[in-house]
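J.: next come a sequence and a model predicted from it.
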Amino acid sequence: MNRIRRVGVVGCGVMGAGLAEVCARAGLDVLVAVSRPGREADGRRRLTGSLDNGLRKGKISEGDRDAALARVSFTADLSDFADRQFVIEAGPEQESVKLDVFATLDKVVVDENAILGSNTSSFPIVQLGRVTDRPGKVVGTHFFNPVTVLPLVELVGSVLTEDDTVDVAETFVTEVLGKQVVRTKDRSGFVVNALLIPYLLSAIRVYESGVASMADIDTAMKLGCAHPMGPFALSDLIGLDIVQAISESLYNEYREPHYSPPPLLSRMVSAGLLGKKSGRGFYDYP
Ligand code: CAA
């Protein structure tokens, strides 16, 4: 296929903005779809904030930041994705939204060799492929938060994905984006979340059973296991709604109790306490 130069990112939340930044810093032309008209400025603000952080930390120069920003445009209309060669969907973990996006992308993206990727953490890739007329080109490209910092991408081919699609996606993600790939089967949670989510849920159960405070559980895992953050701070970073969505998906697939969401998690999500992105989760983020 032609060299991939024009990339589309659907969504400009935490993951979408991170993806846009990584692609722009790799020199690609990036078009970001926001959820509705008027949200473009929010998307640009989030992207600028993260690039400024990279500048403050000495990871990029002012010139790199400005050049990256200039490579990114925003739209609220997916039909602008007609000329994209690689699209990564990073919308909410909601089935109806994802199916809608893939059905639309299938209609608007002209290049029949274009790859349609999803950053889903838990939704079956085969179902995304099936709403398109090109399931062989649909692949899971699961990045990790913060996208600019963490090197891993889980690459997930469904039973309908062509081998060549996975190969091209791997070359793109490693050689162009500079990430490291692990290939996984199309199973809920892939590798990382199948292991990480039960750990995060166990931390909530340990807390709810009164063994220790949240802060002490976090300290224990940081100092006792050299984790960069404890399970409560990490859940807040991921987003409690996402932790719950992945937990439900794992439970639906495997029916094993350790995947089921504990009541405290469900109550917090119902209350809109979603973690860092909403200003309050297990901890406060003023
Ligand atoms: N570009 C490049 N580098 C950047 C950057 C940017 N925009 N912003 C920050 N960095 C760099 C910093 O320079 C720093 O690098 P050095 O160590 O070389 O100095 C590094 O990133 C860490 O950044 P900070 O100093 O800002 O913050 P920190 O040291 O407190 O670390 C953290 C914060 C990176 C979040 C770290 O605590 C961490 O890795 N935590 C674990 C996160 C994790 O497990 N994420 C996976 C979640 S699961 C998921 O995402 C998938 C899912 O489906 C749920």
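T.: Great, that's in hand.

J.: list the helices and strands the worst-scoring helix or strand of the chain on mean pLDDT packs on?
T.: When each helix and strand of the chain is scored by mean pLDDT, DSSP states H and E, helix 40-56 comes last, with a mean of 93. In this structure, helix 40-56 makes packing contacts with helix 14-25, helix 62-70, strand 72-75, judged by 3 or more C-beta pairs under 8 Å, 6 or more residues apart in numbering; DSSP states H and E. C-beta: built from backbone N, CA, C; applies to glycine.

J.: how about the residues of the stretch 151-286 of the chain near the ligand?
T.: Within the stretch 151-286 of the chain, the positions lying close to the ligand (C-beta under 6 Å from any ligand atom) are 193, 196, 228-229, 234, 238, 242.

J.: quick one, which of those are buried?
T.: 193, 196, 234, 238, 242 (16 or more other C-beta atoms under 10 Å).

J.: contacting residues for the residue nearest to the fourth one when sequence neighbours are not counted?
T.: Yep, that's Ile238 we're talking about. Excluding the flanking residues, the one nearest Ile238 by C-beta to C-beta, 6 or more residues apart in numbering is Asn145, at 6.3 Å. Listed by C-beta atoms under 8 Å, 6 or more residues apart in numbering, the contact set of Asn145 reads 14-15, 18, 237-238.

J.: out of those residues, the closest to the ligand would be?
T.: Ile238 (4.3 Å; C-beta to the nearest ligand atom).

J.: and the closest one, what are its phi and psi?
T.: Backbone geometry at Ile238, expressed as degrees, to the nearest 10, gives phi -70, psi -40.

J.: let me see the contact set for it.
T.: By C-beta under 8 Å, 6+ apart, the contact list for Ile238 reads 145, 200, 275.

J.: count of residues packed around the last one?
T.: Residues lying near Gly275 (other C-beta atoms under 10 Å) number 26.

J.: Val153 and His142 touch, don't they?
T.: Yes. The criterion here is C-beta atoms under 8 Å, and Val153 meets it with His142 at 6.5 Å.

J.: mind checking which helix or strand Asp106 is in?
T.: helix 95-108 (DSSP states H and E).

J.: packing partners for that helix?
T.: So helix 95-108, by 3+ C-beta pairs under 8 Å, 6+ apart, packs with strand 86-89, strand 115-118, helix 125-130.

J.: and the ones you listed: which comes nearest the ligand?
T.: Closest to the ligand of the helices and strands packed on helix 95-108 is strand 115-118 (C-beta to the nearest ligand atom; 11.7 Å).

J.: before we move on, the earlier item: list the ones among the contacts of Ile238 that fall in helices.
T.: Counted as lying in helices by DSSP state H, out of the contacts of Ile238, are Leu200.

J.: out of the contacts of Ile238, which is nearest to the ligand?
T.: For those, the nearest to the ligand is Asn145 (3.5 Å; C-beta to the nearest ligand atom).

J.: on the pLDDT front, check that closest one for me.
T.: With respect to pLDDT, Asn145 has a value of 94.

J.: got it, and Val14?
T.: pLDDT for Val14: 89.

J.: against Asp66, how distant is it?
T.: With the distance defined as C-beta to C-beta, to the nearest Å, Val14 ends up 23 Å from Asp66.

J.: the two: which is more packed in?
T.: Counted by other C-beta under 10 Å, Val14 and Asp66 do not tie: Val14 has more neighbours, with 21 against 12.

J.: I'd say the more buried one and Ile242 touch.
T.: No. The pair Val14 / Ile242 is not scored as a contact, 9.3 Å apart, by C-beta under 8 Å.

J.: low-confidence ranges in this protein?
T.: Applying pLDDT under 70 to the chain flags residues 1-2.

J.: 90 instead?
T.: For the chain, the stretches flagged by pLDDT under 90 are 1-2, 14, 50, 93, 122.
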